[in-house]
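Undergrad: Coordinates for the following, if possible.
(chains A and B)
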Amino acid sequence: MRSGKWYGSLEKVLCFLVFCVLALVIIVPLVWMMVSSLKTNREFLTDVWGLPEVMHWENYVQAFHQGVGNYFFNSIIVTVIAVFLIVVIGAMASYVLSRFEFRGKMLLFLFLIGGMMISPEVNLVSLFNLMKALHLYNTRTGLIVVYCVFELSFTILLMRSYMLSLSKEVEESALIDGCSIFQVFLCIVLPVCKPVLASAALLSTMFCWNEYMFAAIFIESNKLRTLPVGLASLQKALSTNYPVLIAGLTVSALVVILMFLIFQKQFIRGLAQGSVKG
Amino acid sequence: MDRRKGLPSPADKVVTTMNIYKKKRIIILFLLPAVLGMAVFVYYPLIQSLWNSLFEWNLFSSDKSWVGLENYRSIFTDGNIWITLRNNVLYAVISVICQVLIAMVLAACLEEVFMRKFQPFFRTILFLPSLISMTVVAILWKAIFNPNTGLLNAFIHAIGFTDITPQWIGDANIAIFCCIFISQWQGMGYCMLLDLIGIQKIPAELYEAARIDGAGTVKRFFYITLPMGKESMLVTSLIIVIGSFKLFTEIQVLTGGGPGRATEVLATAMYRAAFTNDKMGLGSAYAILIFVITMILSLIQLKVSRSGQE
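TA: I've put the predicted structure just below:
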């Protein structure tokens, strides 16, 4: 039985159609979002399908003034600093765990990656009290610290196994030639680890940029809100002017989608590296 | 030690390197930030939660009264807990079906010769939603689900069913499926992409040999793709199930647990107890419940992924 005969063209067409339907289910809501963001509130409420008579780009300006610009800024600050810290602290810890010898190393490693078993949700209530006690409540610093800590376990797991797989000869001859540990770490280990650093940075960026729960509960003032929480809070403020809210959603979605389309190759490579399960 | 083997240098120099790798100061300096952070913000709050779950207390008064296991008892006698757990389980089951089984079938279809041409297109389109943050997805779908002005009912009316107007997230019977749906809408393409990468790692000779032996597409899927991907599918399933018990954002933004308590899940119940009703003890008890469930599942996952490595 040849596969070509067995596998008729009807199945092929069907398979293709299934994918077309799935693609439509994804594209239509996104296109609807973009179109709706250019309508007036009246058009939005009365004509669900229709195109706007005039493109109301000022919805975007209004969204920006309603706080979206500010939320963007906060999200960028929090994400950039948190991701930088995650990568640096994670790389430092992984370097020591993969090269140095000391008693209790395995135990410490388990302590560090054990954090993966404790989800943010479990700690939410206690962390809320802790943040208040440490005066980190309602600060960007507090958010950065918790993001950092909750991404560290996975980052260390990822980086340590990568570092263990590297050959240690170059590092050791550098050490013998009199380089300090810091020089070796900065000039040899980190450059060689670039792929895994990029992958860790990508995954933590996605976490920090999208995180909602901590940001919703640990940040009180509107000025400090990050994008996800800010947009959620705009729902109430803009319940009478939906297109402006949708303009905010569109901006937030488009920025990430454009970034993805530009860096698609690197992006998928990074994801694949981070998805080595187990 | 292995690492000595590769070094042609004199023995004393090797010893120096070894000594550098034992320097306590460096070890402490490099590990301290990570260890301190984990201890203060991960392990200490966990112990706090455990301890606090045994008291009745609220945020703005300092008196805590010991109630023992009363908080846990009230969770299980509340009556809502079974709806809550059912929602978590429902989410887990549907997510595993969509994001593990269906995603795998879709990935296998995209790898078929006749689909190769379109693969990059469909792969990219299906992956797009997973880039958008869950909050944005939830707000967008909230607008789409709106029974009067939303896209979905407009679509239903447009294809001829003008006499029905489902309330979607306003209907206690459908709301949870709407929440689960947006999660699949967002996550399926991501899982499919990972499965695609997995399939592409399977040696092409296997498929070639099967084809020569006369195995059709379906047979090749069941005898090569599935067995090769079995381990990773099992681990992915467990990760998804663990995630289902931590579910929060989708529900909180889309329905807030409503209408009534119809879409309540463990994490939103915890949020409601702690931050809406200011019963911090009860909230902590929910947190510990989530912890116990996810911990057991994580240990199973660890066991499974270990056995897969051998």
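Undergrad: Pull the contacting residues for the most centrally placed residue in chain A.
TA: Most central residue of chain A, judged by C-alpha distance to the mean C-alpha position with C-alpha atoms, centre = their mean, is A:M206 at 0.8 Å. When the contact criterion is C-beta atoms under 8 Å, 6 or more residues apart in numbering or on different chains, the partners of A:M206 are B:L131. Any C-beta I mention is one placed from the backbone N, CA and C, and that applies to glycine too.
Undergrad: got the phi/psi numbers for it?
TA: In terms of degrees, to the nearest 10, the main-chain angles of A:M206 are phi -60, psi -40.
Undergrad: Check what pLDDT it gets.
TA: According to the prediction, A:M206 has pLDDT 89.
Undergrad: Find the closest residue to chain A in chain B.
TA: B:S305 (3.2 Å; C-beta to the nearest C-beta).
Undergrad: That residue touches B:M233, doesn't it?
TA: No: in this structure, B:S305 is not within contact of B:M233 by C-beta atoms under 8 Å, at 11.9 Å.
Undergrad: Of these two, which one has the most company?
TA: The residue with the greater number of neighbours, taking B:S305 and B:M233 and applying other C-beta atoms under 10 Å in any protein chain shown, is B:M233; the counts read 20 against 17.
Undergrad: Next, count neighbours for the closest residue to the more buried one other than its chain neighbours.
TA: The spatial neighbour of B:M233 that comes closest, neighbours along the chain excluded (C-beta to C-beta, 6 or more residues apart in numbering or on different chains), is B:V100 at 5.4 Å. Each residue near B:V100 was counted by other C-beta under 10 Å, and the total is 22.
Undergrad: try A:S37
TA: With other C-beta under 10 Å as criterion, A:S37 counts 26.
Undergrad: Show me the residue at the heart of chain B, geometrically.
TA: The C-alpha lying nearest the average C-alpha coordinate of chain B belongs to B:G243 (C-alpha atoms, centre = their mean; 3.0 Å).
Undergrad: List the contacts of it.
TA: By C-beta under 8 Å, 6+ apart, the contact list for B:G243 reads B:S95.
Undergrad: Could you list the domains of the chain?
TA: No chain was given, so I picked chain A. Under automatic domain parsing, the residue ranges defining each domain of chain A are A:3-36, A:58-274.
Undergrad: oops, I was thinking of chain B
TA: By the record's domain assignment, chain B is partitioned as B:2-52, B:75-309 (automatic domain parsing).
Undergrad: from the ones you listed, which stretch is densest packed?
TA: Neighbour counts averaged per stretch over the domains of chain B are highest for domain B:75-309, at a mean of 19; criterion: mean count of other C-beta atoms under 10 Å in any protein chain shown.
Undergrad: how far is that one from where the chain is centred?
TA: Using C-alpha atoms, centre = their mean, to the nearest Å, we find the averaged C-alpha position of domain B:75-309 to lie 8 Å away from the chain's own average C-alpha position.
Undergrad: Now do it, average pLDDT.
TA: The average pLDDT within domain B:75-309 is 89.
Undergrad: ditto for stretch A:146-156
TA: The average pLDDT within stretch A:146-156 is 94.
Undergrad: For the stretch 151-278 of chain A, just list every one of the strands.
TA: Assigned by DSSP state E, counting those that start in this stretch, the strands in the stretch 151-278 of chain A number zero.
Undergrad: where along it do the helices fall?
TA: With DSSP state H, counting those that start in this stretch applied, the stretch 151-278 of chain A shows helices at A:169-176, A:181-184, A:190-192, A:194-210, A:213-218, A:227-237, A:242-262, A:264-274, listed in chain order.
Undergrad: Dump the last one to CSV, keeping only the CA atoms.
TA: When you say that, I think you mean helix A:264-274. Extracted in CSV, the C-alpha atoms of helix A:264-274 (Å, rounded to 0.1, in the frame of the first residue of the first chain):
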residue,chain,number,x,y,z
GLN,A,264,11.6,35.4,14.6
LYS,A,265,14.6,33.1,14.1
GLN,A,266,16.4,34.1,17.2
PHE,A,267,13.1,34.0,19.1
ILE,A,268,12.2,30.4,18.2
ARG,A,269,15.8,29.2,18.8
GLY,A,270,15.6,30.8,22.3
LEU,A,271,12.3,29.2,23.0
ALA,A,272,13.4,25.8,21.8
GLN,A,273,16.5,26.0,24.1
GLY,A,274,14.4,26.9,27.1
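Undergrad: How about the contacts made by residue 124?
TA: No chain specified, so I'll use chain A. Each residue near A:L124 by C-beta under 8 Å, 6+ apart is listed here: A:M213, A:F214, A:I217, B:A267, B:M270, B:Y271, B:A274, B:A287.
Undergrad: I was thinking of chain B, sorry if that wasn't clear
TA: For B:T124, counting by C-beta under 8 Å, 6+ apart, the contacting residues are A:L261, A:Q264.
Undergrad: That one sits in which helix or strand?
TA: helix B:119-127 (DSSP states H and E).
Undergrad: what angle sits between that helix and helix A:264-274?
TA: Counting by axes from the mean of the first three to the mean of the last three C-alpha atoms, to 10 degrees, helix B:119-127 lies at 70 degrees to helix A:264-274.
Undergrad: Between helix A:242-262 and helix B:119-127, find me the angle.
TA: Computed by the same axes, to 10 degrees, the angle separating helix B:119-127 from helix A:242-262 equals 140 degrees.
Undergrad: Give me the residues contacting the helix or strand that helix B:119-127 is followed by.
TA: Note on helix B:119-127: by DSSP H and E, the next helix or strand toward the C-terminus is helix B:134-145. Taking C-beta under 8 Å, 6+ apart as the criterion, the residues outside helix B:134-145 that touch it are A:29, A:32-33, A:36, A:210, A:212, A:227-229, A:231-232, A:235, A:242, A:245-246, A:249, A:252-253, B:129, B:149-152, B:168-169, B:178, B:182, B:185-186, B:249-250, B:253-254.
Undergrad: residues contacting B:K24?
TA: B:K24 sits next to A:F102 when contact means C-beta under 8 Å, 6+ apart.
Undergrad: List the neighbours of stretch A:63-82 that are in contact with it.
TA: By C-beta under 8 Å, 6+ apart, the list of residues contacting stretch A:63-82 reads A:140, A:143-144, A:147-148, A:151, A:204-205, A:208-209, A:222-231, A:234, A:237-238, A:244-245, A:247-248, A:251-252.
Undergrad: Recalculate using a threshold of 7 Å.
TA: A:140, A:143-144, A:147-148, A:205, A:208-209, A:222-227, A:230, A:234, A:237-238, A:244, A:247-248, A:251 (C-beta atoms under 7 Å, 6 or more residues apart in numbering or on different chains).
Undergrad: Out of the contacts of A:L124, which comes closest to B:V93?
TA: B:V93 has its nearest neighbour among those in B:A267, at 17.9 Å by C-beta to C-beta.
Undergrad: Between the two ends of stretch A:206-221, how far is it?
TA: End-to-end distance for stretch A:206-221, by C-alpha to C-alpha, to the nearest Å: 24 Å.
Undergrad: Distance check, the nearest residue to B:K279 once chain neighbours are set aside against A:T155.
TA: Distance criterion C-beta to C-beta, 6+ apart; nearest residue to B:K279, sequence neighbours excluded, is B:A273 at 5.0 Å. B:A273 sits 32 Å away from A:T155, going by C-beta to C-beta, to the nearest Å.
Undergrad: and B:I202, what are its phi and psi?
TA: Per degrees, to the nearest 10, the residue geometry at B:I202, taken as phi and psi, is phi -70, psi 130.
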